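Novice: Coordinates for the following, if possible.
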Amino acid sequence: MKFRALLRSSSALWTAPVWGGIVAFYFFYALHFQDPYEEVIGGPLWAAQQVAASLTYFYAFAYAITLGLAAWEGGRLQRDRVWDLAPGRPRWRVAGEAVAPTVGAGWAILLLPVGMRLSETRLLPTPTAVLPLLMGMGIVCAYAVVGIVLGHLAPRVIAAPVSAVAAYYVISKTHAYSDPLWPRHVSGQLSTSVAFGEYYSAPTVLIPFLVAATVAAAVAAWWSRGPRRLPLRILATAVALATLVLSARTASGWGVVDGPVSAGHAPARCVGAAPRVCMAETGGAVERLDDVRSEVVESLEKLEAAGVDVTVPSTVTDGLLYERTSTRPRSTVSTWWLPLTAQAETAGPDGRLAGVRYAVLLGSVTFPCSFPATIAPGTPTAWIVNRDAAMLWAAYTVDAQDPYLRWRSGEYAQFANGPEVLAKVKERAAKGRALPTAAQRTAWFEQEQAKACRGMPKRPAGVPAATGPQGEDS
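Specialist: Numbers count the residues shown, from 1 in each chain. Below you'll find the model as predicted:
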C-alpha cells in the first residue's frame, strides 16, 4: 500500500485534530502556567533543561495515544483478514506498515513541544540534550508493538480506548510513587529533574527504554507464527523479566527526583585574574560580568583594608554552573563557588550589586571555630550576638548590611526573643563601627570572633558542624 493511501486510512490522521489540539493546549497553557514566557526566555537557558521541561506533560499522553491507535489498527487488520489475504508476507512487515502512521503520531506528540520550546528560547539541540526525547520515541515504538498485538487479540472498539486510558492512568500515577521508588524511574515518565548545566546520564534514559523494549519483544515473540517458536518465546520472556528485575533493583537506589545526571557542562565566560571571575554564559546575567568582578575585587579590598584576614582566591566561579548543590564542588581557598548570576539579577536602585558583595562577605569572612548547622530551641543566644555583630560589622564594611540583616531577621524568627536579639546585634555592631581608629575596630572584630567561639555551646553527638561561617554553606 502506498504511503499516501496508508496515511489517509490511518486512525492517526483522523484523530490528529484531537491529540494535536491537546498538545497545543498543554504547551501554551500548562507549560507556561508557572513560568511565564518572559521568564522563560530571560534565562537561565540550558537546552537539556528546556527539553526535559517540555516533555514532562507529554510522555504518558504519547504512550497512551500510540497504544490506543495501534490497538485500533491491529483490530482493523484482524477484521479485514489481512493475514489471510497476504499469507506470503511476513507478519511484522504488514504490521509495521499499518502502524507506521501511529508511531508518527506518537513521535509528533513528543517532537512538537520540544521543537516549540527550543524555538521560543532560541536554543540549538545537542545530542545530550535530546536524550529524553530519543528515549520517548523508542518507547513509543514499543507501545506500538504491544498495541498491534492487543488489537489482534481483543475487539478494537474495546481494546483501543481501554488500553489508552489504562496506559495514561498507570504511567501518570507512577510519577507519584515513593514506596517503592523504582516504578517512577522505569515507566518512561522521567521523574529526575535536570538542573542548569546538567543532562541525563545513560542509565536514567536507558533503563525505561530497555524495560519497554524487552517487554514489547516478548509480546511480539508470543504473537509471531512459525515452527520452533517456543524456545524464542521463552527466551524473550526470560530476558524481559530479567531486565525488569535488574532495572527495578538499580532504580530503587535512586532518589525520588534524583536519578543519575552528569553536571557541569554549561559554558562559562571569564574575565580578569587574581581573582578570575567566571559566570554562566547563558545564565541571563553574563552581560554584567565586568560589574560583578568589580564588586568582588572592591569587596575583598575593603575587607583587607579593614583588617579582616581574607585570602584572595585565584578564581571565583558562578554557582549556577553547578546549580544542584549536591553535585557542586566545595569552595576551597583558591576557588570559590558563589551565586553570582542569582545575585547579579537583583541590582539595587543605584545599579550596584549588593547581593554580590553579600556573597563575597559570606565566602570570605571566617571564624576560628565551626558553628552548629541548626540551633535548638532554648539555646543561649549570647554567642549568636557576638557572631552576628562581627558579621554585621563586616557587612557594613562592604556595604552589604541590608541583605545580611534581611537574612538574619528571618533566622531570628525561631527565637522567642528574636527582636531583642536583633537589637543587641545592631547595638554591638554600632559600637564596633564607632571606635575611633582602624586598629581598634579590627581588634574589636577579632575579639567578637573569639567571644563567639568561646560562648558557643558544645555540639551534641550526631549534630553536624556548619560548613560555612554562618552555620550554612555560603
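
Novice: So which bits of the helix or strand containing E73 are buried?
Specialist: Under the criterion DSSP states H and E, the helix or strand holding E73 is helix 59-79. Using 16 or more other C-beta atoms under 10 Å as the burial criterion, the residues of helix 59-79 that qualify are 59-78. Just so you know, the C-beta spots here come from the backbone N, C-alpha and C atoms, and that holds for glycine as well.

Novice: Local confidence estimate at the residue nearest to K424 when sequence neighbours are not counted?
Specialist: With C-beta to C-beta, 6 or more residues apart in numbering as the measure, V385 is the residue that lies nearest to K424, at 4.8 Å, once sequence neighbours are left out. The per-residue pLDDT reported for V385 equals 92.

Novice: residues making contact with the strand or helix carrying V385?
Specialist: Secondary structure from DSSP H and E places V385 in helix 382-397. Taking C-beta atoms under 8 Å, 6 or more residues apart in numbering as the criterion, the residues outside helix 382-397 that touch it are 302-303, 306, 308, 358, 361, 365, 367, 371, 375, 401, 404-405, 408, 421, 424-426, 428-429, 432-433, 441, 444-445, 448-449, 451-457, 469-470.

Novice: Now for the residue nearest to K424, how many residues are close by?
Specialist: V385 is surrounded by 23 other residues when neighbours are defined as other C-beta atoms under 10 Å.

Novice: got the CA positions of stretch 117-137 in PDB?
Specialist: Extracted as PDB, the C-alpha positions of stretch 117-137 are listed here (Å, rounded to 0.1, in the frame of the first residue of the first chain):
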ATOM      1  CA  ARG A 117      10.200  25.200  23.300                       C
ATOM      2  CA  LEU A 118      13.600  25.300  21.600                       C
ATOM      3  CA  SER A 119      12.300  27.800  19.000                       C
ATOM      4  CA  GLU A 120      10.900  30.200  21.600                       C
ATOM      5  CA  THR A 121      14.200  30.000  23.600                       C
ATOM      6  CA  ARG A 122      16.400  30.200  20.500                       C
ATOM      7  CA  LEU A 123      18.400  27.200  21.700                       C
ATOM      8  CA  LEU A 124      20.000  24.600  19.500                       C
ATOM      9  CA  PRO A 125      19.500  21.000  20.400                       C
ATOM     10  CA  THR A 126      22.600  18.900  21.300                       C
ATOM     11  CA  PRO A 127      22.900  15.100  21.300                       C
ATOM     12  CA  THR A 128      22.900  15.000  25.100                       C
ATOM     13  CA  ALA A 129      20.000  17.500  25.300                       C
ATOM     14  CA  VAL A 130      17.700  15.300  23.200                       C
ATOM     15  CA  LEU A 131      18.400  12.000  25.100                       C
ATOM     16  CA  PRO A 132      15.000  12.000  26.800                       C
ATOM     17  CA  LEU A 133      13.300  12.700  23.500                       C
ATOM     18  CA  LEU A 134      15.100   9.800  21.900                       C
ATOM     19  CA  MET A 135      14.100   7.600  24.800                       C
ATOM     20  CA  GLY A 136      10.500   8.600  24.500                       C
ATOM     21  CA  MET A 137      10.500   7.900  20.700                       C
END
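
Novice: Quick one: mean pLDDT for it?
Specialist: Here stretch 117-137 scores 93 as its mean pLDDT.

Novice: What of stretch 189-209?
Specialist: Averaging pLDDT along stretch 189-209 yields 93.

Novice: again with stretch 161-169
Specialist: Mean pLDDT, computed over stretch 161-169, is 94.

Novice: buried sites along that stretch?
Specialist: Under the neighbour-count criterion of 16+ other C-beta under 10 Å, stretch 161-169 has S163, A164, A167, Y168 buried.

Novice: ok, now stretch 113-127?
Specialist: Taking 16+ other C-beta under 10 Å as the neighbour-count basis, stretch 113-127 is seen to contain the buried residues P113, V114, M116, R117, L118, T121, L123.

Novice: so what's the backbone phi/psi at A268?
Specialist: Main-chain dihedrals, A268, degrees, to the nearest 10: phi -120, psi 150.

Novice: So what sits opposite it in the bridge?
Specialist: Bridge pairing for A268 (DSSP bridges) gives the partners A280.

Novice: Need the pLDDT of it.
Specialist: Looking at A268, its pLDDT is 95.

Novice: got JSON lines for the buried residues of stretch 113-127, with distance to G188 too?
Specialist: Written out in JSON lines, the entries for the buried residues of stretch 113-127 read as follows (distance: C-beta to C-beta, whole Å):
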{"residue": "P113", "distance to G188": "16"}
{"residue": "V114", "distance to G188": "16"}
{"residue": "M116", "distance to G188": "21"}
{"residue": "R117", "distance to G188": "19"}
{"residue": "L118", "distance to G188": "21"}
{"residue": "T121", "distance to G188": "25"}
{"residue": "L123", "distance to G188": "24"}
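
Novice: any idea which of the residues you listed is closest to R229?
Specialist: Nearest to R229 among the buried residues of stretch 113-127, counting by C-beta to C-beta, is V114 at 39.1 Å.

Novice: ok, back up a step: inside helices: which ones of the buried residues of stretch 161-169?
Specialist: Secondary structure assignment (DSSP state H) places S163, A164, A167, Y168 from the buried residues of stretch 161-169 within helices.

Novice: Check those residues and tell me the two furthest apart.
Specialist: Across those, no pair lies farther apart than S163 and Y168, at 9.7 Å, counting by C-beta to C-beta.

Novice: buried ones in the top helix by length along the chain?
Specialist: What stands out as the longest helix in the chain, according to DSSP H, is helix 91-121. The neighbour-count check on helix 91-121 (16+ other C-beta under 10 Å) flags 91, 94-95, 98-114, 116-118, 121 as buried.

Novice: One more: stretch 380-390?
Specialist: With burial defined by 16+ other C-beta under 10 Å, the residues of stretch 380-390 counted as buried are T381, W383, I384, V385, N386, R387, D388, A389, A390.

Novice: what's the answer for stretch 302-315, then?
Specialist: By neighbour count, and taking 16+ other C-beta under 10 Å as the criterion, the buried residues in stretch 302-315 are K302, L303, A306, G307, V308, V310, V312, P313, T315.

Novice: Equivalent analysis for stretch 386-404, please.
Specialist: Taking 16+ other C-beta under 10 Å as the neighbour-count basis, stretch 386-404 is seen to contain the buried residues 386-401, 403-404.
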